[in-house]
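Student: below is the structure, and that's it, no one-letter string:
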């Protein structure tokens, strides 16, 4: 961050003044100084006398009188609008719309011409906004792509090899926008190239409990089988890992209409997924596979591609229209009621088909190669605390057009940068540094953000205040949905109370009021979730750097539609036409996200004392411990697990959190607002409090995840477990008869106890 610092730093060289030396060089003596001193007193007296006389004669001549507008304006210039008011009034829906049309004009996958072009578009737009600096940060990483000349396919064959049915090699165009030759064929990134011809077995959602039901309750041997699972419930990569864990030879995934189509019509006549639509997505891990835990710099050591421990079996997505051809032919027992989707068939488990002369073939021709992925990073340097950062992030890559995910968020981010740039030009600069981030290759596995955090980990660990993520702005114009660190919960509430409700027909005037009304929660405040997971770019900030984070967007009414995501997720039908006709006509909610994001960032960047309430963390931890006791208490007692020490540490944290909060309130009430050092000390404790839950050793078998309180589940990377090391170990003990893991469990309880007590100590005056 030292680029162009000379433009903003004053340099004082050879400016030390020694009075005695100056006098000697002039060659004056003591008598000269006495004369000058007496003369100065004489002139001063004359001046005071003249001034007094003039003042008596003109005592009221320069005082503005009532109604004297010219004089009043000259003496008291009009007050500038508050920065929050400026943000709220300056966000322009038409600008966001123009951004979205431009960004979605072609597919934007990282490592492709469309992806590189968008980086240049963003770079130019951000630089023209007037913010202090814009950089592009490139990383050479291992990427995965489909073979366009030999696309992946799933085939139904006769025993003699005659083709009966084959899945679509491309999604058919349903309108002019989805008719584009650059659209990539369907694939799952990082799925292994290969062929699977085993008997077909239906595994429901492919969760660990589904696999255990098949292998334990139904005694089905999955070794060498080809599996078919419906998308949803857990991260698709975990479905593939589960298939690999149970020795399957391949897996097919499809979007069942029960989870993605509840309407009578489909795209382009509605927002529902058509029978030809399918969900692309990665099945790999987070970050560059060749440089695990370290940034993919030009000097980085890279492991051999053959040594990468990743997915070893083929996997492929297909549409529910295509899936019906395979599922309708399956034999075996009927699937349990809760395993049945909405296709007009009888759902059966298999293995194999009712007609024994039929067989199936899965062929995947993906390839992997090193390509450059790029982040775009913009900076506004803080005027009083430039070494404290509030980061706003969104990713710019999409599987196809990405009108919702992520480019609705990218369009918002660019408009927000324009507004902040205009404020900067008018002299309005935040106290702390604001960093704007557009990440590359998020869809492939959070690669751009992970490599950047790894490169700047030491700095972020010491200086980052908060990371505010908007993966996409709106997937439906109904209600705000937010995941957050407990520390940022009050900051989020404060910002929503400052932003108007986008639904002008509602009696709820603020976004907070609308959120609370539509949240359908019986709580006194809108509900948030603490389970941030690793579904977007906040993951590495939160899980590894310990930066308090938020992820937020507007979404649909879950009570109205019990679906797993917005229907056309990661398909070729996620177009700007869809967005403008079915997601957010008029862009009101999209613009509101820009306002919320901007107000939230501005508040945190300018608060003298951060509104991080450590008591919320203590409350959450005590609740989670209560849940552990309810679920596992009896078993732990038999195994002599020391839960008493865990409870004691949580109580200590509760006490210290309350004491710290009261002390902060007292200091703010009695101390001068100008006490910068005191505020800095308080803020540093608040910033570092989240880091207290980071264990440098990481979770068992997963060193990249270091947050002891919140980390992705071992069996679902989309969602977090509270106390993940404990919960995942208990899962292995209970569901996989891993009784040898009891010692690991006791160790994880001990680590959690130590971490919680350490967090309590950080709030003390000295803490040692």
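Tutor: Noted; the coordinates are in hand. Here the structure is a predicted model, which is why all the values come from computation and not from measurement.
Student: for the rest of this, base every contact and every neighbour count on C-alpha atoms.
Tutor: Fine.
Student: ok, how many other residues are close to residue 148?
Tutor: 16 (other C-alpha atoms under 10 Å).
Student: mind checking which helix or strand the closest residue to it other than its chain neighbours is in?
Tutor: Leaving out its chain neighbours, the residue that sits closest to residue 148 by C-alpha to C-alpha, 6 or more residues apart in numbering is residue 185, at 6.5 Å. Under the assignment given by DSSP states H and E, residue 185 is not contained in any helix or strand.
Student: check what pLDDT residue 185 gets.
Tutor: On the pLDDT scale, residue 185 is placed at 97.
Student: doesn't residue 168 make contact with it?
Tutor: No: between residue 185 and residue 168 there is no contact under C-alpha atoms under 8 Å: 9.1 Å.
Student: how near is the residue nearest to residue 148 to residue 144?
Tutor: 13 Å (C-alpha to C-alpha, to the nearest Å).
Student: now residue 447. Nearest residue, chain neighbours left out?
Tutor: residue 287 (4.1 Å).
Student: for that neighbour, list the residues it contacts.
Tutor: 445, 446, 447, 448, 450, 451 (C-alpha atoms under 8 Å, 6 or more residues apart in numbering).
Student: again, but for residue 345
Tutor: So residue 345 contacts 324, 327, 328 (C-alpha under 8 Å, 6+ apart).
Student: can you turn the buried part of those into a ChimeraX selection?
Tutor: Filtering the contacts of residue 345 down to the buried ones (16 or more other C-alpha atoms under 10 Å) takes a single ChimeraX command:
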select :324,327,328
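Student: from the contacts of residue 345, which is closest to residue 386?
Tutor: residue 324 (57.8 Å; C-alpha to C-alpha).
Student: and the closest residue to the closest one other than its chain neighbours, how far from residue 214?
Tutor: With C-alpha to C-alpha, 6+ apart as the criterion, residue 324 has its nearest non-adjacent residue at 6.9 Å, and that residue is residue 343. To residue 214, residue 343 is 22 Å away according to C-alpha to C-alpha.
Student: all strands of the stretch 51-200 of the chain, in order?
Tutor: Here the stretch 51-200 of the chain has its strands, by DSSP state E, counting those that start in this stretch, at 133-145, 153-158, 163-166, 188-189, 194-196, 200-202.
Student: can I get those in a markdown table including mean pLDDT, mean neighbour count and distance to residue 91?
Tutor: Converted to a markdown table, the strands of the stretch 51-200 of the chain look like this (pLDDT from 0 to 100; neighbours: other C-alpha atoms under 10 Å; distance: least, C-alpha to C-alpha, whole Å):
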| stretch | mean pLDDT | mean neighbour count | distance to residue 91 |
| --- | --- | --- | --- |
| strand 133-145 | 98 | 20 | 21 |
| strand 153-158 | 98 | 20 | 46 |
| strand 163-166 | 98 | 15 | 49 |
| strand 188-189 | 98 | 26 | 37 |
| strand 194-196 | 98 | 20 | 50 |
| strand 200-202 | 98 | 27 | 49 |
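Student: OK, contacts around the most centrally placed residue in the chain?
Tutor: Taking C-alpha atoms, centre = their mean, the centroid of the chain lies closest to residue 538, which sits 3.3 Å from it. Contacts of residue 538 were listed using C-alpha under 8 Å, 6+ apart, and they are 393, 467, 468, 469, 532, 549, 550, 551.
Student: what's the burial count for residue 271?
Tutor: 24.
Student: so it sits against residue 571, correct?
Tutor: No: counting by C-alpha under 8 Å, residue 271 sits too far from residue 571 to count as a contact (11.9 Å).
Student: picking up where we left off before, quick check, nearest of the contacts of residue 345 to residue 580?
Tutor: residue 324 (31.1 Å).
Student: what about the closest one, helix or strand, and which?
Tutor: Counting by DSSP H and E, residue 324 is found in helix 320-327.
Student: off-centre distance for that helix?
Tutor: On the basis of C-alpha atoms, centre = their mean, to the nearest Å, helix 320-327 sits 34 Å off its chain's mean C-alpha point.
Student: ok, and what's touching that helix?
Tutor: 156, 165-168, 254-257, 275-278, 343, 345, 347-348.
Student: the stretch 201-350 of the chain: strands as residue ranges?
Tutor: Under DSSP E, counting those that start in this stretch, the stretch 201-350 of the chain gives strands at 226-230, 250-254, 281-282, 315-318.
Student: most tightly packed of the ones you listed?
Tutor: strand 315-318 (a mean of 30; mean count of other C-alpha atoms under 10 Å).
Student: mean confidence for it?
Tutor: Rounded mean pLDDT across strand 315-318 is 98.
Student: and stretch 120-128, by the same measure?
Tutor: Mean predicted confidence for stretch 120-128 is 98.
Student: for stretch 453-470, same thing?
Tutor: Mean predicted lDDT for stretch 453-470 stands at 98.
Student: now the residue nearest to residue 723 when sequence neighbours are not counted: how far from residue 756?
Tutor: Spatial nearest neighbour of residue 723, excluding adjacent residues (C-alpha to C-alpha, 6+ apart): residue 709 at 4.7 Å. Residue 709 is 9 Å from residue 756, where distance means C-alpha to C-alpha.
Student: what is the burial count for the nearest residue in space to residue 714 that is not next to it in sequence?
Tutor: Distance criterion C-alpha to C-alpha, 6+ apart; nearest residue to residue 714, sequence neighbours excluded, is residue 728 at 6.3 Å. Neighbourhood size, residue 728 [other C-alpha under 10 Å]: 20.
Student: wait, residue 728 sits on residue 710?
Tutor: No: if you go by C-alpha under 8 Å, residue 728 and residue 710 don't touch, sitting 12.0 Å apart.
Student: for the closest residue in space to residue 555 that isn't next to it in sequence, list the residues it contacts.
Tutor: Nearest residue to residue 555, sequence neighbours excluded (C-alpha to C-alpha, 6+ apart): residue 476, at 4.5 Å. Applying C-alpha under 8 Å, 6+ apart, we find residue 476 in contact with 554, 555, 556, 566, 582, 583, 584.
Student: what about those residues, which are in helices?
Tutor: Among these, no member falls in helices (DSSP state H).
Student: out of those, who has the most neighbours?
Tutor: Most surrounded of these: other C-alpha under 10 Å gives residue 583, at 26 neighbours.
Student: ok, for it, nearest residue in space, not its chain neighbours?
Tutor: That would be residue 476: by C-alpha to C-alpha, 6+ apart, it lies 4.7 Å from residue 583.
Student: tell me the secondary structure for that neighbour?
Tutor: Three-state call for residue 476 (DSSP: H, G, I helix; E, B strand; the rest coil): coil.
Student: that one and residue 177, how far apart?
Tutor: In terms of C-alpha to C-alpha, residue 476 sits 20 Å off from residue 177.
Student: list the buried residues for stretch 750-768?
Tutor: By neighbour count with 16+ other C-alpha under 10 Å, stretch 750-768 contains the buried residues 750-763.
Student: what of stretch 613-625?
Tutor: 613, 614, 615, 616, 617, 618, 619, 620, 621, 622, 624, 625.
Student: turn these into JSON lines, including distance to residue 641 and secondary structure.
Tutor: Shown next, in JSON lines, are the buried residues of stretch 613-625 (distance: C-alpha to C-alpha, whole Å; DSSP: H, G, I helix; E, B strand; the rest coil):
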{"residue": "613", "distance to residue 641": "31", "secondary structure": "coil"}
{"residue": "614", "distance to residue 641": "28", "secondary structure": "helix"}
{"residue": "615", "distance to residue 641": "27", "secondary structure": "helix"}
{"residue": "616", "distance to residue 641": "27", "secondary structure": "helix"}
{"residue": "617", "distance to residue 641": "24", "secondary structure": "helix"}
{"residue": "618", "distance to residue 641": "22", "secondary structure": "helix"}
{"residue": "619", "distance to residue 641": "23", "secondary structure": "helix"}
{"residue": "620", "distance to residue 641": "21", "secondary structure": "helix"}
{"residue": "621", "distance to residue 641": "18", "secondary structure": "helix"}
{"residue": "622", "distance to residue 641": "17", "secondary structure": "helix"}
{"residue": "624", "distance to residue 641": "16", "secondary structure": "helix"}
{"residue": "625", "distance to residue 641": "13", "secondary structure": "helix"}
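Student: export those to TSV and tack on pLDDT and distance to residue 102?
Tutor: Conversion of the buried residues of stretch 613-625 to TSV gives the following (pLDDT from 0 to 100; distance: C-alpha to C-alpha, whole Å):
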residue	pLDDT	distance to residue 102
613	97	41
614	97	43
615	98	45
616	97	42
617	97	42
618	97	46
619	97	46
620	96	43
621	97	45
622	97	48
624	95	46
625	96	49
